[in-house]
Structure formats: structure tokens, C-alpha cells
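J.: Predicted structure and sequence below. I'll ask about it afterward.
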Amino acid sequence: MGFAAGPRVARAEEEVDRAASAWNGSGTTVVTGSAATVAAVTELAAGSDVLHIAAHGRHAVDNPLFSGFELADGILFGYDVDLIPRVPDTVILSACELGRSSVRWGEEALGMTQVWLHAGSSCVIAAPVAVPDDVAGELLSAVHTGLSEGVAPAVALARATIDTGLSAPFQCHGDGF
């Protein structure tokens, strides 16, 4: 399990630490601060079955492959995901807007969720709009409790919503059941 916290998100490190603790330290790697570089997160993604990224995100409407999330040394863009030799089965993007997609006339929907799914991930959990950091942190950390128990991602997200009493527009894309 891989966990990464980007810069300038006040509770990102707390979020990834809480999420990682649900796995009781078994095979978890957490990268934060200056260590959370594009190269480090790319390597982390290639070696993880579950990847959780807490960072600032931005969906690029005009060119969705330029959507991405901010890391210590720059942006990991949608087009970078295709360079990852093996992507995680489940990706959780705790970053605003990365659950959005854009459709151009005659083309398919494109955005970060579709990029991860196209690269081979089975499921991506992301929000299409801005979500308060405290809500995202608590809710998505609770998702890991379910995932660590073997619950399907969509069920873990629904259960986390009930258990925390928090409602946020996170959606499960792909095969989350």
C-alpha cells in the first residue's frame, strides 16, 4: 500500500498517516514532504496494490491529460500515468477536481480517473469538485479500514460515509464492486 502527501495541503500528512494505520503497517509506504516527488510517487505507484494521494489537484478542461496533482517538485500529469510500468489496482485521489472529466465532440471522456483506469487500475475513488481537507481526510482514511478488511472499494466508501457521518462527493469509478 502506498501513501503520498503533496505540499501545501494542511492536513495531507495527517490524512495519509491515518489511512496507512488502517493497514497496521503491513506493507505500507508513506512519502511526505520533500520526499514526495514525481519520481518517488511514480515508483510508489508501480509497487503498490492500493495508492492514496492527498494533494492539490486540478482538472485541465482544455487538455485533460494535463490534469494532475501537485507534488514536492512539480505536477504528476495524466500523461505521466501511462509511463508507470504497473499501476495499482485501487487508486484514491484525495485531490480536488480529479474525479472530473471533459468530453470533446466525437471523443471519449478524459480526466485523471480515466487515465488510471486506461493504464490498468480497476478502481479509482475521486471527487469531481472541491472537498474540504478535513472531510476528505476523515472520510478517505475510513475507506482504508474497509479496504484493509477486504471490502470492495465502493462498499468501503459507502460504509465510511455511514460510519463517519460525513457526506462528500467522492465517487467510485471502474470496477469498485
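T.: Ah, there it is.
J.: Contacts for the helix or strand of the chain with the lowest mean pLDDT, please.
T.: Of all helical and strand segments in the chain, the minimum by mean pLDDT, DSSP states H and E falls on strand 109-110, at a mean of 80. The contact list for strand 109-110 (C-beta atoms under 8 Å, 6 or more residues apart in numbering) reads 64-65, 78, 101-104. Yep, even glycine has a C-beta here, placed from its N, CA and C like the rest.
J.: next structured bit after that strand?
T.: Per DSSP states H and E, strand 109-110 leads on to helix 112-119 as the next helix or strand towards the C-terminus.
J.: Please name every helix or strand in contact with that next one.
T.: With contacts taken as 3 or more C-beta pairs under 8 Å, 6 or more residues apart in numbering; DSSP states H and E, helix 112-119 sits against helix 78-81, strand 90-94, strand 123-126, strand 171-174.
J.: returning to that earlier point: closest one of the contacts of strand 109-110 to Leu51?
T.: Leu51 lies nearest to Gly78 out of the contacts of strand 109-110, by C-beta to C-beta, at 14.8 Å.
J.: mind listing what the closest one touches?
T.: 64-68, 110-112, 115.
J.: Leu51: which element?
T.: strand 50-54.
J.: distance between the helix or strand that that strand is followed by and the chain's centre?
T.: Counting by DSSP H and E, the next helix or strand C-terminal to strand 50-54 is strand 57-58. Offset of strand 57-58 from its chain centre (C-alpha atoms, centre = their mean, to the nearest Å): 11 Å.
J.: just to revisit the earlier point, strand partners (parallel or antiparallel) of the least confident helix or strand of the chain?
T.: strand 102-103 (antiparallel) (DSSP bridges).
J.: Endpoints of stretch 6-26, how far apart?
T.: 23 Å (C-alpha to C-alpha, to the nearest Å).
J.: buried sites along that stretch?
T.: 6, 9, 11-23 (16 or more other C-beta atoms under 10 Å).
J.: again, but for stretch 27-36
T.: 28, 30-32, 36.
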